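> The following block contains a protein sequence and its predicted model.
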Amino acid sequence: MCCFTKRVESVRATSIFTRHEGGRQYVAYAMRLTSQEDVAMVLPLPVLPGTKEDELEFVSLEPVPDFFARLKRLFRLSPNISDGVNPRTHELLSAPRLAVHEVGLFEASFVPRRSDFGRLDSRFRLPTEIWNDAPEYADYGFAVFQLKAGTNVQVHPMAFSFPTRFPQMLVFPTLHIHDGQYHPEAHFDHELFFQAPELRTVEDPKVGAIGRLRTSHGERILESNTTPITDELDLNELSGLFNEQQRCYKFDMVGRFQNSDVRVREES
């Protein structure tokens with residue numbers, strides 16, 4: 001799930017992939033969307049403080065629209081288991097517009113800090129007051145994607161990388177804003193994938209060799225790929241998104257949970 005600039009009818013079957021490399025976090029994101037009008041999707045990101053607007057790198061996955069279907073096949077043998085006047089108003093009026101990028105079938109922008117939303121193309125803006133209800137995102141950056149109206153549209157994966165402030169923690173952008181308001185709890189319908197060089201799990205013989213993973217939202221049943229990554233994915237198509245030397249893991253989040261990002265700590 002994610003944040004939308006207008007009300008949407010439904011978002012489901014969300015899939016997110018993430019990993020770290022060289023101080024950057026890589027993210028790929030896809031879902032099914034029903035909306036009566038064009039809408040922008042906003043993903044808050046824990047960027048390194050001081051990140052500039054050209055330091056988020058978008059990755060086009062247009063050649064791999066079935067990226068997550070291929071990713072799921074790696075596991076096919078596993079068990080089923082603000083108020084007032086903005087002090088920067090005059091600065092924003094004279095500041096250059098944020099760039100709009102063509103990324104596959106999307107138009108996308110990066111907003112390096114909340115106060116820069118005023119520099120964003122008006123089609124992509126989310127009211128800044130929303131973030132007052134979620135103060136932990138006050139100094140985050142934001143990836144913004146413009147999506148077309150439609151019914152149960154399978155959105156081809158969006159992908160990018162950014163310099164992260166949490167080099168030992170994977171952050172899945174799962175904050176939900178679907179009706180213009182922040183709610184403390186939200187319904188999740190997610191498959192979350194990630195790569196990590198080392199991982200500590202809670203052993204549980206009932207769920208196979210991998211066991212349970214500790215996350216910010218409780219323990220989750222964890223699966224690991226049983227099929228070699230290169231059997232399903234052409235790494236040349238993924239622009240560095242994947243690391244063939246690391247295992248891939250998967251866990252599900254379905255139900256009502258705290259409305260915030262899901263976090264997984266990597267082992268050093």
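Cool, got the structure. In this text the structure is predicted, and so the values were computed from the model without any measurement.
> Where does the prediction get shaky in the stretch 1-150 of the chain?
Scanning the stretch 1-150 of the chain for pLDDT under 70 picks out the ranges 1, 76-106, 123.
> What segments of it are helices?
67-73, 89-94 (DSSP state H, counting those that start in this stretch).
> starting at the chain centroid, how far to the longest one?
For helix 67-73, the separation from the chain centroid amounts to 17 Å (computed by C-alpha atoms, centre = their mean, to the nearest Å).
> What of stretch 164-182?
Between the mean C-alpha point of stretch 164-182 and the mean C-alpha point of its chain there is a distance of 7 Å (C-alpha atoms, centre = their mean).
> Ends of that stretch, what's the gap?
The first residue of stretch 164-182 is 24 Å away from its last residue (C-alpha to C-alpha, to the nearest Å).
> Now do the contacts for C248.
If a contact means C-beta atoms under 8 Å, 6 or more residues apart in numbering, then C248 has L71, L74, F193, F194, Q195, S224, N225, I229 as its contacts. (C-beta placed from N, C-alpha, C; glycine too.)
> Nearest to T164 among those residues?
Distances from T164 to the contacts of C248, taken as C-beta to C-beta, are shortest for F194 (13.3 Å).
> just checking, the closest one is part of a helix?
No: F194 sits outside any helix when classified using DSSP: H, G, I helix; E, B strand; the rest coil, being strand.
> Which strand residues bridge it?
Residues in a beta bridge with F194, per DSSP bridges, are T18, Y249.
> That one: neighbouring residues, count only.
By the measure other C-beta atoms under 10 Å, the count of residues near F194 is 24.
> so where do the strands sit in the stretch 1-150 of the chain?
Along the stretch 1-150 of the chain, counting by DSSP state E, counting those that start in this stretch, strands occupy 3-4, 10-21, 24-35, 39-45, 57-60, 101-103, 106-111, 141-147, 150-163.
> and L213, which of these is closest to it?
Distances from L213 to each of the strands of the stretch 1-150 of the chain were compared by C-beta to C-beta, and the smallest falls on strand 10-21, at 13.8 Å.
> how far out from the middle of the chain is that closest one?
Taking C-alpha atoms, centre = their mean, one finds the center of strand 10-21 at 5 Å from the center of the full chain.
> can I have it written out in CSV, keeping just the CAs?
Written as CSV, here are the backbone C-alpha positions of strand 10-21 (Å, rounded to 0.1, in the frame of the first residue of the first chain):
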residue,chain,number,x,y,z
SER,A,10,-9.1,0.0,-3.9
VAL,A,11,-5.5,-1.1,-3.7
ARG,A,12,-4.6,-4.8,-3.4
ALA,A,13,-2.0,-7.4,-4.1
THR,A,14,0.9,-5.1,-3.3
SER,A,15,4.4,-6.5,-3.8
ILE,A,16,7.6,-4.8,-2.7
PHE,A,17,11.2,-5.8,-3.1
THR,A,18,14.2,-4.2,-1.4
ARG,A,19,17.8,-4.6,-0.6
HIS,A,20,20.9,-2.6,0.3
GLU,A,21,24.2,-2.0,-1.5
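> Going by neighbour count, list what's buried in that strand.
V11, T14, S15, I16, F17, T18, R19, H20 (16 or more other C-beta atoms under 10 Å).
> now, among those, which is nearest to R32?
Of all these, the one with the least separation from R32 (C-beta to C-beta) is V11, at 7.2 Å.
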